[in-house]
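K.L.:
no sequence on this one, just coordinates:
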């Protein structure tokens, strides 16, 4: 199972300290989904019956093939195993993982469903089933599976974070925030939970009716990102989104400091370089702005998604370097 892909950075206009930036690169409105369990399960017990002994042998053989990256042969072995012993939940679970490697997502879902049918409280299978549903864009089914994981294992923090991400994706921001808070109450040292909580607050701010409510949500957003980078100082996305939150609050120095931290972790981070250059312009630090614009042009030169912004950067360099 693959993790979710970070979405392209959005673009928006923003006002900072009384001035309007011509172009402003917005925050990372995407989330870090915790990867599904991809570790194969070993045989749980030995069996006395000859047919069950054969199923066990196919199960072990499937594991050997899988670990040897012979996925097609692993699938054949697991399929033979469950044919001989249809209630072998570990074999259905491993078969689901093998199907995911083959990108046979419908069959992957069916395998996890079979495992859960054998054992309705099978947490690992429910969790992978939820992510498989999500990968197939069956979002309501995915949400139900995450809810079942929580019922079976209320302290399954990874599943809670994923449930929160999915609820936010479905527009259920209040419920998403509640789920993130439950995850954080169980383990306050999860940077992804704090990061996604910040994103949920940012989206709530977009819906806020007045400026006071927006500001309060921006402050909660900022505080969540601060917690994320406090826990994980190399979390470059957290630093970048923190800079965006400081921008919304008009805190130019704090915004610059956050971009600089993001760039310590990822020196060629194009969006951070682009926004940092404008931030230095706003602070009237022309030499630093020129330096960062040039760093941006160098870093983004071969990136197809940055070409329109390179044009802007070169225009800014030309303007800043022109004799007065």
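P.N.:
The structure has been received and is ready for your questions. None of the values given here were measured: they were computed from a predicted structure. Numbering: from 1, shown residues only.
K.L.:
which one is residue 75 nearest to, not counting chain neighbours?
P.N.:
Spatially, and ignoring its direct neighbours in sequence, residue 75 is nearest to residue 98 (4.8 Å; CB to CB, 6 or more residues apart in numbering). Where you see a C-beta, it was placed from the backbone N, CA and C, and this is true even at glycine.
K.L.:
hmm, that neighbour is touching residue 62, no?
P.N.:
Yes. Assessed by CB atoms under 8 Å, residue 98 is found in contact with residue 62 at 7.3 Å.
K.L.:
overlap in contacts, those two.
P.N.:
Shared contacts of residue 98 and residue 62, defined by CB atoms under 8 Å, 6 or more residues apart in numbering, are found at 74, 75, 78.
K.L.:
among these, name the ones in helices.
P.N.:
Counting by DSSP state H, the shared contacts of residue 98 and residue 62 place 74, 75, 78 in helices.
K.L.:
what's the burial count for the second one?
P.N.:
A count of neighbours around residue 75, defined by other CB atoms under 10 Å, yields 22.
K.L.:
isn't it up against residue 94?
P.N.:
No. Applying CB under 8 Å as the test, residue 75 and residue 94 come out as separate, 9.7 Å apart.
K.L.:
need the next SSE after the helix or strand containing residue 202, C-terminal direction.
P.N.:
Using DSSP states H and E, the element containing residue 202 is helix 191-207. Using DSSP H and E, the next helix or strand after helix 191-207 towards the C-terminus is helix 211-231.
K.L.:
circling back to that earlier point, in JSON lines, list the shared contacts of residue 98 and residue 62 along with distance to residue 273 and pLDDT.
P.N.:
Output for these, formatted as JSON lines (distance: CB to CB, whole Å; pLDDT from 0 to 100):
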{"residue": "74", "distance to residue 273": "45", "pLDDT": "96"}
{"residue": "75", "distance to residue 273": "46", "pLDDT": "97"}
{"residue": "78", "distance to residue 273": "48", "pLDDT": "96"}
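K.L.:
tell me the one of those residues nearest residue 236?
P.N.:
residue 74 (36.5 Å; CB to CB).
K.L.:
contacting residues for that closest one?
P.N.:
62, 63, 65, 66, 94, 98.
K.L.:
could I get these as a markdown table with secondary structure, pLDDT and neighbour count?
P.N.:
Shown next, in a markdown table, are the contacts of residue 74 (DSSP: H, G, I helix; E, B strand; the rest coil; pLDDT from 0 to 100; neighbours: other CB atoms under 10 Å):
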| residue | secondary structure | pLDDT | neighbour count |
| --- | --- | --- | --- |
| 62 | helix | 95 | 27 |
| 63 | helix | 94 | 21 |
| 65 | helix | 94 | 19 |
| 66 | helix | 94 | 21 |
| 94 | helix | 95 | 27 |
| 98 | helix | 96 | 27 |
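K.L.:
one step back: what angle do the helix holding residue 202 and helix 211-231 make?
P.N.:
Helix 191-207 runs at 170 degrees relative to helix 211-231, counting by axes from the mean of the first three to the mean of the last three CA atoms, to 10 degrees.
K.L.:
buried set for helix 191-207?
P.N.:
191-205 (16 or more other CB atoms under 10 Å).
K.L.:
stretch 72-79 too?
P.N.:
Buried, per 16+ other CB under 10 Å, within stretch 72-79: 73, 74, 75, 76, 77, 78, 79.
K.L.:
can you tell me how far the fourth one is from residue 87?
P.N.:
In other words, residue 76. Residue 76 sits 20 Å away from residue 87, going by CB to CB, to the nearest Å.
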